[in-house]
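**Student:** can you look at this prediction? I've put the sequence above it.
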Amino acid sequence: MTTFTRSQLTELRKQIQAALDAANLPNLTIDVGNCSYTGGEATFKVKCILKGAKTREQIDLEYYADMHGIDTTAIAKLQGEDMSIIGYKSRARKKPWILQRLRDGAEFVCDDNLAKRHFKKREEINA
């Protein structure tokens, strides 16, 4: 056999992630991401994040939340679940906002309309 199958690459990805997790590197989070392959050659994307460093989505969130008037500290009730905004994907045209369900940390995406409707900054009244 001279070509990879999807199932082989899925298993390989799990083994690479397990090996990196077992390396126990302090102050570093390593995530094995997507894979592209042709025939017998495969390329995996590996992301390394220093503890305490902001991800690209978090940096973009600060910029775009200010631009759109979004409150990043707000918690909204969506479909009976408490959600907060944790990131922004600048390359996602339709659903760029990343939401996190507070109960279990599951992540979801939403569009501009939903984000503005539930997370818009409240106007302060100056007396």
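**Tutor:** Received, thanks.
**Student:** now do the helix or strand residue 66 falls within: distance to the chain's middle.
**Tutor:** Assigned by DSSP states H and E, residue 66 belongs to helix 56-68. Helix 56-68 has its average C-alpha position 13 Å from the chain's average C-alpha position, going by Cα atoms, centre = their mean, to the nearest Å.
**Student:** now do the SS call for the nearest residue to residue 62 once chain neighbours are set aside.
**Tutor:** Ranked by Cβ to Cβ, 6 or more residues apart in numbering and with sequence neighbours excluded, the top spatial neighbour of residue 62 is residue 72, at 7.5 Å. Backbone N, C-alpha and C define where each C-beta goes, glycine included. Following DSSP: H, G, I helix; E, B strand; the rest coil, residue 72 is assigned to coil.
**Student:** tell me which residues touch residue 72, please.
**Tutor:** 61-62, 65, 84-85, 119 (Cβ atoms under 8 Å, 6 or more residues apart in numbering).
**Student:** and what of residue 61?
**Tutor:** The contact partners of residue 61, by Cβ under 8 Å, 6+ apart, come to 72, 85-88, 98.
**Student:** let's have those in a markdown table, adding distance to residue 45 and secondary structure.
**Tutor:** Output for those, formatted as a markdown table (distance: Cβ to Cβ, whole Å; DSSP: H, G, I helix; E, B strand; the rest coil):
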| residue | distance to residue 45 | secondary structure |
| --- | --- | --- |
| 72 | 27 | coil |
| 85 | 25 | strand |
| 86 | 21 | strand |
| 87 | 18 | strand |
| 88 | 20 | strand |
| 98 | 18 | strand |
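**Student:** that concludes my questions; thank you for your assistance.
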